[in-house]
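In: Show me how the following folds:
(chains A and B)
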Amino acid sequence: DTEVTQTPKHLVMGMTNKKSLKCEQHMGHRAMYWYKQKAKKPPELMFVYSYEKLSINESVPSRFSPECPNSSLLNLHLHALQPEDSALYLCASSPQTSGGLDEQFFGPGTRLTVL
Amino acid sequence: SQQGEEDPQALSIQEGENATMNCSYKTSINNLQWYRQNSGRGLVHLILIRSNEREKHSGRLRVTLDTSKKSSSLLITASRAADTASYFCATDDQGAQKLVFGQGTRLTINP
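Out: Reported below is the predicted structural model:
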């Protein structure tokens, strides 16, 4: 299995809702990433998990809360989001934890709309 | 920090022609990668070139790297309609555990 899966594909939520995005990989990769991508812009790194521990938080607002329950799963918990948080949220994984030294494998993304 | 800048921002060519995209970066790197993204989808890794390599090929793709000029180019030969996508270069942020993406080139192949 050489793919990263993400659920749901689309999510619409109000500003008072709590929701979660899920990401899964079964390639034995030790590093997992969350990116946010606005239309016609490059992906922006949010979080990096290395061996199931949070290693990088790119000063992301606390309304985004990542979680790595095990080496195959990565969650992003969302609470009290703002309309400007509407974006494509991408999950990725890589074999090692050296970040930019490895090819990253991306999931198809979750399209999030905050009303 | 913004590492890669790409040029052109958008490129439209006829099927069968070659497409060239350029990427410039600011700091020393260990490697440079190119990714493709079809509209609204995830990114797909195309090729990785290490700092001690000057050129790399993969099928119809040719990537060059000039570390003295801090620049790279991606050439797609004999383009096809299916090559229509956004193409991003990405560099490793020195010493950090992350990739930094360029602004991307939106490539349109006209049949």
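
In: The host helix or strand of residue A:113 and chain B, any residue contact?
Out: Secondary structure from DSSP states H and E places residue A:113 in strand A:110-114. Yes - interface with chain B: strand A:110-114 contributes residue A:111 (C-beta under 8 Å from any C-beta of the partner chain). For glycine as for every other residue, the C-beta is placed from the backbone atoms N, C-alpha and C.

In: That strand - contacts with which helices or strands?
Out: Secondary-structure packing of strand A:110-114 (3 or more C-beta pairs under 8 Å, 6 or more residues apart in numbering or on different chains; DSSP states H and E): strand A:10-13, strand A:87-94.

In: The longest one: which residues count as buried?
Out: For strand A:87-94, burial by neighbour count (16 or more other C-beta atoms under 10 Å in any protein chain shown) applies to A:87-94.

In: which other residues reach it?
Out: Taking contacts as C-beta atoms under 8 Å, 6 or more residues apart in numbering or on different chains, the residues outside strand A:87-94 that touch it are A:4, A:6, A:21, A:23, A:25, A:27, A:29-38, A:43, A:74, A:76, A:102-107, A:109-112, B:40, B:42-43.

In: can you list the residues of chain B near chain A?
Out: So chain B meets chain A at B:29-31, B:33, B:35, B:40-45, B:48, B:88, B:90-93, B:96-104, B:106 (C-beta under 8 Å from any C-beta).

In: Now with 6 Å, please.
Out: Counting by C-beta under 6 Å from any C-beta of the partner chain, chain B comes close to chain A at B:30, B:41-43, B:45, B:48, B:88, B:92, B:97-99, B:101, B:103-104.

In: Spatially central residue in chain A, please.
Out: In chain A, the residue lying closest to the centroid (C-alpha atoms, centre = their mean) is residue A:34, at 2.8 Å.
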